[in-house]
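In: sequence unknown, structure follows:
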């Protein structure tokens, strides 16, 4: 054979082999689950996690920090025990995009199935979602989810079969909270939510009752609703002080101090001592449990995808709490406060139910103006992930520390969620905003505000967000009717170095509020100098202390508001024993 022809054939052969390898599914992991876990076919999100250490198990090391380990996810449907589920380069990964991108080395590997169930929505759609199992919609600790014991492997991205993994473990059910003299628990089946979701759905609450509650059966009480993320029990309240010998070697990287666990317990005990104090005003404090198939919290509003949580809380749960624990049950006697998610909720419920509350205290609220959705203007920007110009393309930040140092980008934050779940099912922050604020898509899942892979913004979805959940826009649009009902009730606080850039939306809200008339809003907007996330209006104490004092720090303003605004004949004495 002519040497030139032979050389050409050999070259072509090498090219074909290289192209085949580049397009192959190598490396591959094969995952199964045992029939002892379930003999039924399963739907869900199958996760494969690799970590360079096994300090706490790979599933507990997946997050948005620089220390995150590796996760890859695929949707699975109708898989039976023993079925070989393949995870290859088609799986979406974070922070490495594909398995092929992982450097060769030694890893601890773990498989995990976040199990989905089918909900038959009142809209006529069937959707597959992970129901809350009492853990607050946390996939890594959700009772009933399957997982494997981590195994140590030598990983080679050029090897066809990396490992075969068997999931033979199931997360156990949780025990409910215990009632005490002061901490009570309420759980109701919501007709509104059950009708929407097509199955029984429940709302819960932790209620802190005042000192002397049983000894004063004639007394009725004002109610303070503390909004925030899911809590298994009432937080920040303890009848016992921390052990004087308690270990204080734990380090809080967020605050740069040692012994923060003991500080938290001491603050909880200090609150208890105040609570039972002779001159402390008596009232009810409520923490609502409203975890749902998308997140640990519903945002306490009515939503096309989440359902009528706002009405369910206000028309079903709150009346039951006030009935059982002798709440006054009138708008002048109700107040709401919270931080972050809870800050947004406090302002939103005050706006959407303006006659039912007498004041909100919104600390570091989630974006209250979508022109500053973190660092994205969803109405003008074309892409959520990039600052773009004719000759440059710069990643858009998502989080920073209090010195302004970048921690994560928008693309990274959203790609982590995309690895954990498609169709807004990650249980993450960006996905729940989408689930709450977006219209329902033709498949029954939330419409994307932006393409999760590329960041391209959908302007039609943005307009829907504006009309329904942009709190600044709604206030400005409806001030003629809302203003008279909200004067003196709006209080907003934010650090000017908020980790999630939430202060930017607060600036825009303040610009509007300062210009209000007929009436003037007559509230307050305040900022903490160089303060990071969860600053709540305390200019004296450091943030790591004031964030533990939500249940007492607004009390003087609440009492003054009651004194100034309670109607003639209102009960201002029975709860001041």
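Out: Cool, the structure landed. Just so it is clear, the structure is predicted and the values come from calculations on it, not from any experiment. Numbers count the residues shown, from 1 in each chain.

In: how about residue 504, secondary structure?
Out: Here residue 504 is recorded as helix under DSSP: H, G, I helix; E, B strand; the rest coil.

In: who touches it in this structure?
Out: 372, 374-375 (C-beta atoms under 8 Å, 6 or more residues apart in numbering). In short, each C-beta sits where N, CA and C put it, glycine included.

In: kindly list the longest strand within this protein.
Out: Determined from DSSP state E, the single longest strand within the chain is strand 105-120.

In: buried sites along it?
Out: Within strand 105-120, the residues that count as buried by 16 or more other C-beta atoms under 10 Å are 107-116, 119.

In: check stretch 153-167 too.
Out: 153, 155, 157, 162-163, 165, 167.

In: give me the contacts around it.
Out: The contact list for stretch 153-167 (C-beta under 8 Å, 6+ apart) reads 21, 26-34, 37, 48, 50, 99-113, 146-148, 151.

In: at 6 Å what do you get?
Out: Residues outside stretch 153-167 that contact it (C-beta atoms under 6 Å, 6 or more residues apart in numbering) are 26-33, 100, 102, 104, 106-107, 109, 111, 146-148.

In: other residues contacting the longest strand of the chain?
Out: With contacts defined as C-beta under 6 Å, 6+ apart, strand 105-120 is touched by 31, 42-51, 54, 58-59, 126-131, 139, 145-148, 150-155, 163, 165, 167, 197-198.

In: can you confirm residue 430 is in a helix?
Out: Yes - assignment of residue 430 by three-state DSSP places it within a helix.

In: surely it and residue 414 touch.
Out: Yes - here residue 430 reaches residue 414: they are 5.4 Å apart, a contact under C-beta atoms under 6 Å.

In: looking only at neighbour counts, state which of those two leads.
Out: Higher neighbour count among residue 430 and residue 414: residue 414, with 25 against 22, using other C-beta atoms under 10 Å.

In: quick one, the helix or strand hosting that one and strand 105-120 angle?
Out: Counting by DSSP states H and E, the element that carries residue 414 is helix 410-420. Here helix 410-420 runs at an angle of 70 degrees relative to strand 105-120 (axes from the mean of the first three to the mean of the last three C-alpha atoms, to 10 degrees).

In: averaged pLDDT, helix 410-420. What do you get?
Out: Taken as a whole, helix 410-420 has an average pLDDT of 98.

In: for stretch 508-525, same thing?
Out: On average, stretch 508-525 scores 98.

In: endpoints of that stretch, how far apart?
Out: End-to-end distance for stretch 508-525, by C-alpha to C-alpha, to the nearest Å: 11 Å.

In: could you pull out the strands for the stretch 201-350 of the chain?
Out: 202-208, 223-227, 251-252, 257-258, 284-289, 302-303, 307-308, 334-339 (DSSP state E, counting those that start in this stretch).

In: please identify the most buried of the ones you listed.
Out: Comparing the strands of the stretch 201-350 of the chain by mean neighbour count (mean count of other C-beta atoms under 10 Å), strand 334-339 ranks first with a mean of 27.

In: that one: how far from the chain's middle?
Out: 18 Å (C-alpha atoms, centre = their mean, to the nearest Å).

In: outside of that strand, which residues touch it?
Out: Residues contacting strand 334-339 (C-beta under 6 Å, 6+ apart): 223-228, 345-346, 349, 357-361, 363-364, 534, 536, 554, 558.

In: give me the low-pLDDT residue ranges for this protein?
Out: Applying pLDDT under 70 to the chain picks out residues 1-25.

In: okay, which residue is most central for it?
Out: Nearest to the geometric centre of the chain sits residue 429, at 5.0 Å (C-alpha atoms, centre = their mean).

In: who are the contact partners of that residue?
Out: Taking C-beta under 6 Å, 6+ apart as the definition, residue 429 has no contacts.

In: again, only this time at 10 Å
Out: By C-beta atoms under 10 Å, 6 or more residues apart in numbering, the contact set of residue 429 is 64, 295, 340-341, 366, 374, 398, 413-414, 417, 500.

In: can you check residue 503 too?
Out: Counted by C-beta under 10 Å, 6+ apart, residue 503 has contacts 364-365, 372, 494-497, 510, 527-528, 531, 533, 535.

In: export those to a markdown table and tack on neighbour count and distance to residue 324?
Out: Formatted as a markdown table, these follow (neighbours: other C-beta atoms under 10 Å; distance: C-beta to C-beta, whole Å):
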| residue | neighbour count | distance to residue 324 |
| --- | --- | --- |
| 364 | 30 | 32 |
| 365 | 28 | 30 |
| 372 | 21 | 41 |
| 494 | 31 | 35 |
| 495 | 23 | 37 |
| 496 | 16 | 42 |
| 497 | 20 | 42 |
| 510 | 20 | 39 |
| 527 | 20 | 39 |
| 528 | 23 | 38 |
| 531 | 24 | 38 |
| 533 | 24 | 35 |
| 535 | 28 | 35 |
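
In: among those residues, which one lies nearest to residue 217?
Out: Comparing the contacts of residue 503 against residue 217 with C-beta to C-beta places residue 365 closest, at 38.2 Å.

In: would you agree the closest one is in contact with residue 535?
Out: No - taking contacts as C-beta atoms under 10 Å, residue 365 lies outside contact range of residue 535: 11.5 Å.

In: who touches both of those two?
Out: 339, 493-494, 498, 503.

In: which of those sits closest to residue 263?
Out: residue 339 (17.6 Å).

In: nearest residue to that closest one in space, please, no chain neighbours.
Out: Leaving aside its chain neighbours, residue 339 sits nearest to residue 363 (3.9 Å; criterion: C-beta to C-beta, 6 or more residues apart in numbering).

In: beta partners for the one you found?
Out: Beta-bridge partners recorded for residue 363 (DSSP bridges): residue 339, residue 493.

In: so who does it touch?
Out: By C-beta under 10 Å, 6+ apart, the residues touching residue 363 are 337-340, 342-343, 346, 491-495, 502, 526, 528, 533-538, 546-547, 550, 553-554.

In: and if you look at residue 255?
Out: Neighbour list for residue 255: 263, 402, 532, 542-545, 547 [criterion: C-beta under 10 Å, 6+ apart].

In: do the same with residue 421
Out: Per C-beta under 10 Å, 6+ apart, neighbours of residue 421: 44-45, 47, 73, 75, 114, 116, 129-130, 139, 294, 427-428, 431.

In: repeat the analysis, applying 8 Å as the threshold.
Out: Residue 421 neighbours (C-beta under 8 Å, 6+ apart): 45, 73, 114, 427-428, 431.

In: the strands of the stretch 201-350 of the chain into JSON lines, with extra columns for distance to residue 80?
Out: Listed next are the strands of the stretch 201-350 of the chain as JSON lines, based on distance: least, C-beta to C-beta, whole Å:
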{"stretch": "strand 202-208", "distance to residue 80": "31"}
{"stretch": "strand 223-227", "distance to residue 80": "42"}
{"stretch": "strand 251-252", "distance to residue 80": "45"}
{"stretch": "strand 257-258", "distance to residue 80": "50"}
{"stretch": "strand 284-289", "distance to residue 80": "34"}
{"stretch": "strand 302-303", "distance to residue 80": "35"}
{"stretch": "strand 307-308", "distance to residue 80": "32"}
{"stretch": "strand 334-339", "distance to residue 80": "44"}
